[in-house]
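K.L.:
A predicted structure for the sequence below; I have some questions about it.
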Amino acid sequence: MKETRLEANLKKEHGRGASRRLRRSGQVPAIIYGSGAEAISISLDHNNIYHALKREDFHTSILNLDIAGKTEKVLLRDFQVHAYRPEILHLDFQRVNEKEEVQIRIPLHFINEDECYAVKMQNAHVTHIVNEVEIRALAKEIPHFIEVDLKDLKAGQSLHLSDLIPPQGVTLVNLLRGDDAVIAIAAGIAEEVEETPEVVSAADVPTVDGKKPDEE
C-alpha cells in the first residue's frame, strides 16, 4: 500500500467568502472527518493537489497530511471541480485506522484484450460493463487496482465479479450482498471458419498410363 505525504494548513476562517479567498491565493479548502474525532477544516496547495488527482493511485493511497506538526492518515473520499475551469474547489478526506476495515472503490485493469480468444480467433469484441468495484479491506491492504485477464474469454461468454482474484484480505462488497454482477462480455457469434476439403471426382483421377477413366 503506497503512502503519500502532503503539507496542509489549518483553515482559520470559515464560510464561502473565506473559501473564495483561499482559492484566489492558490489554496484548496478541504475537510477531514471520521474515526470518532472532530472534523477539521484545512487547506492545501492547489497545484500539488491538481497534479496528484491525475494519478490513479492517489485515489486509493493512504495520504499523510502534515498539519501544524501533527500527521493525519486519511483517504480521499470526494472532490469537487469547477464546471469549466481546471480548478479544484473542495476535497473531503476520511481519517483511517490501519487496524480497521474500510470500504472504497478501486479501478479494474483489463489485460490481454488484444490476445483475447474471442477477439483474435472469433472476430468478436469485448465490452467492459464496469470499470471499478467496491471493496472492503484494511486501509493498509487496499490495492490500487484489480487485474481482469481477458485472454481466455470466448464469444458469447461473460466475466463476473466471482471470476476476479482479489489480493488476500480484500473482499468484494457486491459478492457479500449476493450480487455477482457481470464485469465484461465478449459480444459476437461463437463461430470459427474451418477449411472445407476439396472434393475430387473419380473422373479427374488419371490412370497409370496418364489417361483419365473416360478417355479409355
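P.N.:
It's in.
K.L.:
What's opposite the closest residue to N131 other than its chain neighbours in the beta bridge?
P.N.:
Nearest residue to N131 in three dimensions, chain neighbours excluded: L108, at 5.7 Å (CB to CB, 6 or more residues apart in numbering). Backbone N, C-alpha and C define where each C-beta goes, glycine included. Listed beta-bridge partners, L108: I146 (assigned using DSSP bridges).
K.L.:
ok, now which ones touch L108?
P.N.:
Counting by CB atoms under 8 Å, 6 or more residues apart in numbering, L108 touches 128, 130-133, 145-148, 164, 183.
K.L.:
Please name every helix or strand in contact with the helix or strand in which L65 is found.
P.N.:
Assigned by DSSP states H and E, L65 belongs to strand 62-67. Counting contacts by 3 or more CB pairs under 8 Å, 6 or more residues apart in numbering; DSSP states H and E, strand 62-67 is packed against strand 3-10, strand 37-45, strand 70-81.
K.L.:
What average pLDDT does the shortest one get?
P.N.:
Averaging pLDDT along strand 3-10 yields 88.
K.L.:
Grab the CA positions of that strand and hand them over as PDB.
P.N.:
What follows is strand 3-10, C-alpha atoms only, in PDB (Å, rounded to 0.1, in the frame of the first residue of the first chain):
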ATOM      1  CA  GLU A   3       1.600   6.200   1.200                       C
ATOM      2  CA  THR A   4       1.800   9.900   0.100                       C
ATOM      3  CA  ARG A   5       2.700  12.800   2.200                       C
ATOM      4  CA  LEU A   6       1.200  16.300   1.700                       C
ATOM      5  CA  GLU A   7       1.600  19.600   3.600                       C
ATOM      6  CA  ALA A   8      -1.700  21.200   4.800                       C
ATOM      7  CA  ASN A   9      -2.700  24.200   6.900                       C
ATOM      8  CA  LEU A  10      -5.500  24.600   9.400                       C
END
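K.L.:
The contacts of L108: which two are farthest apart?
P.N.:
The distance between the two most remote of the contacts of L108 (CB to CB) is 14.3 Å, for V130 and E147.
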